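Asks: make a model of this:
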Amino acid sequence: RGNTGKAVVYIHTGGTGLLAEDVHGKKGSNIVYNDLDLDQINRLPNTQLHRNVDLCIINASQMNPLIKSVIVCPSIIYGQGSGLFKRQNITFIKLIEIALQQGKLQMIGTGEATWNNIHIDDLVDAYMILS
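Replies: Sure thing, here's the model as predicted:
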């Protein structure tokens, strides 16, 4: 926006690696994160995946009140995208490729770990609301 003095909304797509736990297929901590509890999110260790990028965005917003930032951290995105590029999530494609190569699905450890997901249309709705 240059020097117009108008606020800008910056929506950054982060990743759920920020919340990941190294559980090796075992049951995780069952922590439920609340987007409205900024203290809970801000207490995440700086060593978490993607945290360094998130902190740069947070710091930029704190330094300049005209920058309104939102960090969205979708997990596995599924569904057929309607955009011009990258219409499928590579994670699902890779998981299917590995299963076909090995002739079976794999499980890590006891298989109790969870991995959340979101449909692309729901994620797009979220971005539309935020913008």
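
Asks: show me where this structure has its strands.
Replies: 8-13, 67-72, 76-78, 117-119 (DSSP state E).

Asks: which regions of the protein sit below the pLDDT cut-off?
Replies: 1-2 (pLDDT under 70).

Asks: let's go with 90 and repeat that
Replies: Low-confidence segments of the chain, defined by pLDDT under 90: 1-9, 15-36, 38, 41-42, 50, 65, 75-96, 105-117, 131.

Asks: what about P74, how many neighbours?
Replies: A total of 19 residues lie near P74 under the criterion other Cβ atoms under 10 Å. In this view, the C-beta of every residue, glycine as well, is placed from N, C-alpha and C.

Asks: begin at 51 from now on, thanks
Replies: Got it, first residue is 51 now, which makes that one P124.

Asks: isn't it up against I170?
Replies: No: contact criterion Cβ atoms under 8 Å: P124 and I170 do not qualify, at 9.1 Å.

Asks: I121 pairs with what?
Replies: H62 (DSSP bridges).

Asks: and L173, how far is that from C123?
Replies: 11 Å (Cβ to Cβ, to the nearest Å).

Asks: same question, I140
Replies: Taking Cβ to Cβ, one finds I140 at 17 Å from C123.

Asks: which of these two has more neighbours?
Replies: C123 (17 against 9).

Asks: surely that one and H62 touch.
Replies: No: assessed by Cβ under 8 Å, C123 is found out of contact with H62, at 9.2 Å.

Asks: wait, doesn't S181 sit right on V59?
Replies: Yes: the pair S181 / V59 is scored as a contact, 6.2 Å apart, by Cβ under 8 Å.

Asks: state the distance from A149 to Q138.
Replies: On the measure of Cβ to Cβ, A149 and Q138 end up 16 Å apart.

Asks: quick one, what contacts the closest residue to N139 other than its chain neighbours?
Replies: In this structure, N139 finds its nearest non-sequential neighbour in I127, 4.9 Å apart by Cβ to Cβ, 6 or more residues apart in numbering. I127 is in contact with 139, 167-170, 173, counting by Cβ atoms under 8 Å, 6 or more residues apart in numbering.

Asks: what does K136 give?
Replies: Applying Cβ under 8 Å, 6+ apart, no residues qualify as near K136.
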